[in-house]
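Participant: build the 3D model from these lines:
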Amino acid sequence: MSEIVNRVAQSALVTFNLEDYYPKGERILLDIKEWLYEGLILREKEFRAAISNHDWEQYSDAYVALTCSTDAIVPGWAYMLIATQLQPYAKNMLIGDLEQLETSLYQPIIESLDLSEYKDRPVIIKGCSNKPVPPNAYLWITSKMQTVAKSVMYGEACSSVPLFKRR
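Facilitator: Next up is the predicted model:
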């Protein structure tokens, strides 16, 4: 009986894992509906009072997504006013949901990556993750990786999906 050979381990295949670039820090979804009259109407005086009385230190070193879960029409200045309070504490903030927050965090990371170590090599972009890597991050890294890699696949070495192969 012949010895079992791990051909994946012996191949030139390189795995790229977006999870390795996951920014550390708590993610918080801040719903402003509680600061609106009946969750729908922004009354400036009451809104400013609610913001003044809020504990902003709880957002220290956190990434914050600002949202309003009701159908209220929220003027842009309201979010800007909240930003003035968050600025000394939060690492980053945006108007949107947690997926949009993750997307906004990954975009500059991917744009700044040096992929020279993957030049002319077959690369698998790891598919399964334990962290909330946004779908757009996979799109962006695929696009960027195909400019340097010999081939780009998605998944795991044992069951990858071919995406790109340089001719």
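Participant: can you confirm residue 29 is in a strand?
Facilitator: Yes - under DSSP: H, G, I helix; E, B strand; the rest coil, residue 29 sits within a strand.
Participant: i'd like the first residue to be 45 from this point on
Facilitator: From this message on, residue numbering opens at 45, which makes the last subject residue 73.
Participant: which element is the spatially most central residue of the chain on?
Facilitator: The centroid of the chain falls nearest to residue 146 when counting by Cα atoms, centre = their mean (2.1 Å). If you go by DSSP states H and E, residue 146 is part of helix 142-156.
Participant: centre of the chain to that helix, how far?
Facilitator: Its chain's average C-alpha position is 4 Å from that of helix 142-156, according to Cα atoms, centre = their mean, to the nearest Å.
Participant: which other residues reach that helix?
Facilitator: The contact list for helix 142-156, computed with Cβ atoms under 8 Å, 6 or more residues apart in numbering, reads 62, 65, 67, 71, 73, 107-109, 136, 138, 140, 176-178, 180-181, 184-185, 188. Using the backbone N, CA and C atoms, a C-beta is placed for each residue, glycine as well.
Participant: return the set of buried residues in it.
Facilitator: For helix 142-156, the neighbour count (16 or more other Cβ atoms under 10 Å) marks 142, 145-150, 154 as buried.
Participant: same deal with stretch 89-97?
Facilitator: Buried-residue list, stretch 89-97, by 16+ other Cβ under 10 Å: 91, 95.
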